[in-house]
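**Q** Below is the sequence, then the predicted model.
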Amino acid sequence: MKFYHFRSETNPDVAERADLIFRGVEIITTSRREHRYMHLVEQLRAIGADPDHPGYRYYLQAFRHGMPSHAGFGLGLERLTQKIVGFANVKEATLFPRDPVDSLHEFPALSRNALRCIFNAWSDDRCLPAE
């Protein structure tokens, strides 16, 4: 569990968070964040981190004088696109893959289609995956 996750008040071993799975892939992650300063400090110490470390300074400073309860979510748009369109690999739904050299060899159609779609503002029917 992350130190910034809000622990359930009824079961402190569980964080108030969730994942949305679509066709076997996590596409959304959501969690309630810990907003109470002393709880953040305690949870940092519990994982063996030093709350006085400069890397936590500004993060903790924001909570020192009070912060409202808050939550958020992250959407994996490329994963969702992969599943809706039916691509075999998420790299095929990624405009700029992290390993472009490997992707060009693995998915030669990706580079041609991606460039064609970029310059045609995604309006070209050739942007659709090959059957």
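**A** Okay, I see it.

**Q** For stretch 25-38, buried residues please.
**A** Residues of stretch 25-38 classed as buried: 27, 31-35, 37 (neighbour count, 16 or more other Cβ atoms under 10 Å). Every residue, glycine included, has its C-beta placed from N, CA and C.

**Q** For those, give me TSV that also has secondary structure.
**A** Listed next are these as TSV, based on DSSP: H, G, I helix; E, B strand; the rest coil:
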residue	secondary structure
Ile27	strand
Ser31	strand
Arg32	strand
Arg33	strand
Glu34	coil
His35	coil
Tyr37	helix
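
**Q** Let me know the closest of those to Gly76.
**A** Ile27 (4.8 Å; Cβ to Cβ).

**Q** The closest one reaches Glu78, doesn't it?
**A** No: Ile27 is beyond contact range of Glu78, at 9.5 Å (criterion: Cβ atoms under 8 Å).

**Q** Can you show me the helices along this structure?
**A** Applying DSSP state H to the chain gives helices spanning 37-46, 54-63, 77-85, 100-106, 108-119.

**Q** Can you tell me the closest non-neighbouring residue to the spatially most central residue of the chain?
**A** Nearest residue to the geometric centre of the chain (Cα atoms, centre = their mean): Gly74, 4.9 Å. The shortest distance from Gly74 to any non-neighbouring residue, by Cβ to Cβ, 6 or more residues apart in numbering, is to Thr29 (5.2 Å).
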